[in-house]
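Student: Next come a sequence and a model predicted from it.
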Amino acid sequence: MPAITCTSSSVHLTGSPVASPTTPTASNSSESSVSAVTAGMAALSITPLVKTLIVDDNNITAKMLSKILSKEFGHRTTCTGSGKEALNKLSIETFDIIFMDIDMPELSGIETTIAIHATGSNVLEKNRQIPIIAYTTNPCEDRYFEAGMNGWVGKPANQSTVRKELERVYTSRQRSSSY
């Protein structure tokens, strides 16, 4: 898998045409990079069949993200208010992507992510392989990726930020699966 680096204001996937989920950058991306992004978004993120789990103890920010994902991208969203609720939901229903708050009571987003990937957990096997994007007011930190997260979106989210991070995450997953 390509290396992911994280600074306080950006995420960079080595070799990716998108350097940061929140800051537009000038890009000399080739036509093939644009095709990869387009194919990734078409296949995985802008279809009405994408089931998204939003894990956030703040109901307002969860609803804001849900509205962006459902209205702008056609996702079917489910919101849970805690890591424990998310693990329970992931043990009975499959999803395509997870947006995970970091700072939650009981189980943090990092602890929940580690539990999702843990061997022997009750999480359905398919759910252990799906992308998890940190959704937080905190700056991006390497520990999110070390725990098994695939991306980062800062709160409050907007359509452009969410689109850029979905493109980056899906493009990097598409490249990894082709190796």
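Tutor: Yes, it's here. Numbers count the residues shown, from 1 in each chain.
Student: what about the helix ranked longest in the chain, distance to the chain center?
Tutor: What stands out as the longest helix in the chain, according to DSSP state H, is helix 159-177. Here helix 159-177 is found 8 Å from its chain centre; the criterion is C-alpha atoms, centre = their mean, to the nearest Å.
Student: list the helices and strands it packs on?
Tutor: Counting contacts by 3 or more C-beta pairs under 8 Å, 6 or more residues apart in numbering; DSSP states H and E, helix 159-177 packs against strand 11-13, helix 31-44, helix 73, strand 151-154. All C-beta atoms are positioned from the backbone trio N, CA, C, and that covers glycine.
Student: and those, which one is worst for confidence?
Tutor: Of all these, strand 11-13 carries the lowest average pLDDT, namely a mean of 43.
Student: wait, is residue 61 part of a strand?
Tutor: No - with DSSP: H, G, I helix; E, B strand; the rest coil as the criterion, residue 61 is located in helix rather than a strand.
Student: in stretch 158-167, what counts as buried?
Tutor: Using 16 or more other C-beta atoms under 10 Å as the test for burial, stretch 158-167 gives 161-167.
Student: What is the neighbour count of residue 121?
Tutor: Neighbour count for residue 121, taken as other C-beta atoms under 10 Å: 15.
Student: Helix or strand for it, just tell me which one.
Tutor: If you go by DSSP states H and E, residue 121 is not part of any helix or strand.
Student: Now it. Its backbone dihedrals?
Tutor: Main-chain dihedrals, residue 121, degrees, to the nearest 10: phi -80, psi 170.
Student: Next, count neighbours for the residue nearest to residue 101 when sequence neighbours are not counted.
Tutor: Leaving out its chain neighbours, the residue that sits closest to residue 101 by C-beta to C-beta, 6 or more residues apart in numbering is residue 56, at 4.1 Å. For residue 56, the count of nearby residues is 27 (other C-beta under 10 Å).
Student: Please tell me how far residue 56 sits from residue 65.
Tutor: Distance, residue 56 to residue 65, by C-beta to C-beta, to the nearest Å: 7 Å.
Student: swap in residue 98?
Tutor: Distance, residue 98 to residue 65, using C-beta to C-beta: 11 Å.
Student: Residue 135 too?
Tutor: Going from residue 135 to residue 65 by C-beta to C-beta gives 6 Å.
Student: Quickly list what's touching both of the two.
Tutor: Contact criterion C-beta atoms under 8 Å, 6 or more residues apart in numbering; residues shared by residue 135 and residue 65: 54, 56, 99, 157.
Student: Many thanks, have a good one.
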